[in-house]
Each structure stands twice: as structure tokens, then as C-alpha cells.
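J.: show me how the following folds:
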Amino acid sequence: MPRPTPLSEPFGTTPDGWRVERWRLSSASGVSAEILTYGGVLHALHVPDPTGRPANVVLSLPDLAAYASDTPYFGALVGRYANRISEARFTLNGRHYRLPDNDGGHNLHGGPEGFDSRVWRAEPLPGALRLTLHSPDGDMGFPGAMDVTVTYALDDDGTLSLDFEARSDRPTVVNLTNHAYFNLGGSEARDGAEAASRIAGGDVLRHTLYVDADRFLPATPESIPWGPEQAVEGTPFDLNEPRPLGDGVRDADPQIKTAGGYDHCFVLRGNSGGTGEAVGEPRVAAVLSDPDSGRVMEVRTTQPAIQVYTANKLDGSLTGPDGRTYHAHDAVCLETQHLPDSPNHPEYPSTELRPDEVFRSRTEFRFPHLAGGR
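T.: Next comes the predicted model:
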């Protein structure tokens with residue numbers, strides 16, 4: 001049976017006149033996804049629990065104005081460089097580049113006008129939505145005119161995949177990811193639902209997390225990697241067996257205490273290629289499980305690393321479509337990506353993209369608790 005082509009509806013207009021659409025993908029498994037052309041935001045991901053009851057498992061905001069304000073990248077596609085570049089500068093092929101310092105003197109997620117705040121062009125496909133964006137030479141200080149394509153696809157088993165491609169006409173650096181905040185407890189509210197609907201699972205501290213990594217990057221209080229990669233063994237970063245997030249978040253380890261929880265890059269086993277190298281098959285990077293709802297999410301990727309962030313800085317100032325305010329540890333981000341500050345670390349997998357290359361990566365979110373989802 002052919003997969004349905006996504007349908008769209010208006011979601012508002014930006015202050016400078018760009019119309020924003022919301023597109024909906026659906027599948028035979030009962031999983032559905034809503035994607036905005038603003039920021040390529042994954043606005044909702046409805047996933048049934050083992051009894052068939054669906055709920056939105058990503059944190060969402062109620063309207064375009066909320067997304068366009070100074071929010072922590074809810075569900076957005078981020079670039080040109082996801083995560084941080086130290087001191088907002090790097091050197092490439094002997095040339096020095098200065099970037100906006102939008103995070104305590106450092107560059108975060110490409111800058112204050114990164115891909116998360118752009119309106120992407122949408123092309124509906126059977127079971128998928130292709131988003132494209134042109135980033136001109138010098139955009140946020142980065143060299144080269146870059147064309148980016150991100151394709152969201154939803155198959156009949158309920159697997160949501162994101163395929164990233166980027167091309168540049170000059171040597172540059174690139175690091176792309178999606179910044180969804182996951183809570184598998186799920187929100188039962190959809191847009192227009194009564195405010196009484198709420199997140200069933202509360203925070204994510206009872207969620208268990210497995211990460212396929214032997215090493216992680218210690219970070220400064222400003223979340224900049226320092227020193228060599230460190231073994232996870234004997235630390236709260238050892239997630240080679242599923243561990244409740246609350247155990248790690250409450251640990252006395254200085255790295256955890258300084259960040260207020262997890263906000264660290266894990267170096268994945270077997271995914272160590274540079275930006276311009278061939279992309280293999282996605283491998284398991286992480287498995288997130290909620291013992292209360294019974295939902296399980298498996299993250300697979302071709303990327304060399306994953307940033308685990310337990311939403312430490314949510315402070316109750318943001319409210320979802322269901323009327324619930326978001327607080328620290330109400331979600332966890334599992335951002336598949338290259339290592340932070342790679343342009344300043346030649347020992348890391350390269351993030352350089354040359355004109356004769358194509359950056360490609362694939363990330364999949366699978367739900368093995370669903371029939372046929374394994």
C-alpha cells in the first residue's frame with residue numbers, strides 16, 4: 001500500500017511576512033508526526049503506548065510566536081554548526097573566521113539567526129516531507145554558500161527517519177542535528193484540546209537510558225569540551241547498561257553537578273567518520289525507555305556522537321499546548337551529531353565540507369514496543 005502524502009495547514013506568519021505551515025505525516029502503526037516549516041521543527045510526535053493509546057512524546061509550544069521567541073530550540077533543525085564552537089572562532093585552511101558569540105562568548109547552534117529560525121521550503125512526498133534551505137556565503141560568519149536538505153520520513157512500522165544533506169561552494173564546516181525534547185510519558189493534548197490534558201509521565205527521571213559509548217567529552221562550566229575523551233567506566237556517564245536518568249542527574253560527580261544534569265557529548269562506538277566520508281547503515285546509539293507508559297524509543301544514526309541533555313535549564317517560563325509549564329528534567333534531548341568544537345580540535349572527526357563533497361547523515365527514531373516496530 002502506498003504511503004500517504006503529508007497534508008498541510010497554516011501555522012501563522014512571521015513578523016517579516018513569511019507564511020509558516022504545519023505538515024502531518026501518518027503511518028499504519030498509529031505513529032504520526034507534525035513538522036513546521038519554521039525551523040524545520042518537529043512540533044509533535046504521537047506514539048501509541050503498548051495498549052494503543054497515543055500521546056505526543058516531544059515537548060511542544062502552542063503557537064508560532066512562542067517558537068519565534070528566545071526558546072531553547074524545541075524540536076528544531078539546528079545549524080550551520082550544532083552545539084558549540086569555542087570563543088566563536090575557528091581556522092580553516094589557514095583562514096580565520098569569526099562567528100557571533102551568542103552563548104557566553106561562544107557560538108551555539110550556528111548563531112542567533114541559525115537554521116532553527118529560518119522558514120524552510122517544503123516538498124511533500126509519499127510518506128515523507130523534504131525541507132530545503134539556502135544559506136548564503138558568510139551566513140552567521142561561516143564561509144561558503146550552502147544548500148541543505150532534510151527529509152523527514154515515516155514508515156509503516158512507525159520509524160521516523162531524518163536524512164540530512166548539505167553542499168557548499170567553498171570549504172566550510174557543518175554539523176547538523178534535530179533538537180527534539182523527548183518525554184515518553186507523553187502529552188495527551190493536541191492543539192485545541194482542553195487545558196486539563198497533561199503530560200502523563202511528569203519528568204523523565206524514571207526513564208532509563210542506554211548509550212552505546214565507551215567515552216564521553218568532559219566539559220567546562222560553559223559546556224566547551226576540555227582535555228581528551230574520557231572513559232565512561234566508573235562514572236555516571238557509563239550508560240552501557242540501561243540506567244534511570246535520575247540516578248545520573250542526582251550523582252555527585254562534578255561534571256553532573258556543574259551542568260545540573262547531563263549535557264555531554266558521548267562518542268559512539270563504530271561511528272567515527274568525518275563529514276565528507278561515505279555514510280554507512282545507521283547503528284544503535286541510544287535506547288530510551290519509560291517504565292510507566294511502556295514506551296521505548298531506539299535511536300539509530302550514522303553520526304559519530306550523541307549529545308545527551310536532560311533539559312537542565314528549563315525553568316517553568318515556557319508552556320506547552322496543553323497548558324503545562326516545562327521545568328528542568330521534564331525531557332531529554334538525544335542529539336545525534338559530530339563532536340562539539342571540532343573545527344578547533346584536529347584530533348576529532350573532521351567536520352570540513354569541501355565543494356566536491358556532499359555531507360550526508362541519517363538518524364532514525366524507532367519504537368520497538370509497537371507491533372512490527374522491531
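J.: any low-confidence regions in the chain?
T.: 1, 188-201, 271-279, 372-374 (pLDDT under 70).
J.: could I get stretch 156-167 in PDB with only the CA atoms?
T.: Coordinates of the C-alpha atoms in stretch 156-167 are reproduced here as PDB (Å, rounded to 0.1, in the frame of the first residue of the first chain):
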ATOM      1  CA  ASP A 156       4.500   1.800   8.200                       C
ATOM      2  CA  ASP A 157       6.300   0.400  11.300                       C
ATOM      3  CA  GLY A 158       6.300   3.900  12.800                       C
ATOM      4  CA  THR A 159      10.000   4.600  12.400                       C
ATOM      5  CA  LEU A 160      10.700   8.400  12.000                       C
ATOM      6  CA  SER A 161      13.800   9.000   9.900                       C
ATOM      7  CA  LEU A 162      15.700  12.200   9.200                       C
ATOM      8  CA  ASP A 163      18.100  12.300   6.200                       C
ATOM      9  CA  PHE A 164      20.400  15.300   6.100                       C
ATOM     10  CA  GLU A 165      22.300  16.500   3.100                       C
ATOM     11  CA  ALA A 166      24.500  19.600   2.600                       C
ATOM     12  CA  ARG A 167      26.600  21.000  -0.200                       C
END
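J.: just how off-centre is that stretch within its chain?
T.: 12 Å (Cα atoms, centre = their mean, to the nearest Å).
J.: list the buried residues in that stretch.
T.: For stretch 156-167, the neighbour count (16 or more other Cβ atoms under 10 Å) marks 157, 158, 159, 160, 161, 162, 163, 164, 165, 166, 167 as buried. From N, CA and C alone the C-beta is placed, and that goes for glycine too.
J.: stretch 100-120 now?
T.: Buried residues in stretch 100-120, counted by 16+ other Cβ under 10 Å: 100-103, 106-111, 114-120.
J.: span of it from start to end?
T.: 22 Å (Cα to Cα, to the nearest Å).
J.: off-centre distance for that stretch?
T.: Taking the mean of its C-alpha atoms, stretch 100-120 sits 15 Å from the chain's own mean (Cα atoms, centre = their mean).
J.: which residues touch it?
T.: Outside stretch 100-120, the residues within contact range by Cβ atoms under 8 Å, 6 or more residues apart in numbering are 14, 18-20, 37-41, 68, 73, 76-89, 99, 131-133, 135, 140-142, 148, 150, 176, 179, 222-224.
J.: filter the buried residues of stretch 156-167 down to just the ones in helices.
T.: Under the assignment DSSP state H, those contribute nothing to helices.
J.: buried ones among the contacts of stretch 100-120?
T.: 14, 20, 37-41, 68, 73, 76-86, 88-89, 99, 131, 133, 135, 140-142, 148, 150, 176, 179, 223-224.
J.: so which of these are in strands?
T.: Using DSSP state E, 20, 77, 78, 84, 85, 89, 131, 133, 135, 148, 150 are the members of the buried ones among the contacts of stretch 100-120 that sit in strands.
J.: closest to residue 260 out of those?
T.: Relative to residue 260, the closest of those is residue 84; by Cβ to Cβ it sits at 16.6 Å.
J.: so what sits opposite the closest one in the bridge?
T.: Taking DSSP bridges, one obtains residue 108 as the residues bridged to residue 84.
J.: which residues touch it?
T.: 103, 106, 107, 108, 222, 223, 224, 340, 341.
J.: at 7 Å what do you get?
T.: 103, 106, 107, 108, 223, 224, 340, 341 (Cβ atoms under 7 Å, 6 or more residues apart in numbering).
J.: what of residue 127?
T.: Counting by Cβ under 7 Å, 6+ apart, residue 127 touches 3, 4, 25, 153, 154, 155.
J.: ok, the one helix or strand the fourth one maps to: who's next to it in the sheet?
T.: This means residue 153. Per DSSP states H and E: residue 153 is located in strand 146-154. When pairing is defined by DSSP bridges, strand 146-154 lines up against strand 128-135 (antiparallel), strand 160-168 (antiparallel).
J.: as TSV, these with distance to residue 284 would be great.
T.: Below are the strands paired with strand 146-154 laid out as TSV (distance: least, Cβ to Cβ, whole Å):
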stretch	distance to residue 284
strand 128-135	23
strand 160-168	14
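J.: quick one: which of these is nearest residue 33?
T.: Closest among these, using Cβ to Cβ: strand 160-168, at 5.7 Å.
J.: contacting residues for residue 311?
T.: Taking Cβ under 7 Å, 6+ apart as the test, what residue 311 contacts is 181, 328, 329, 330, 331, 332, 333.
J.: ok, of these, which one's closest to residue 251?
T.: residue 329 (13.3 Å).
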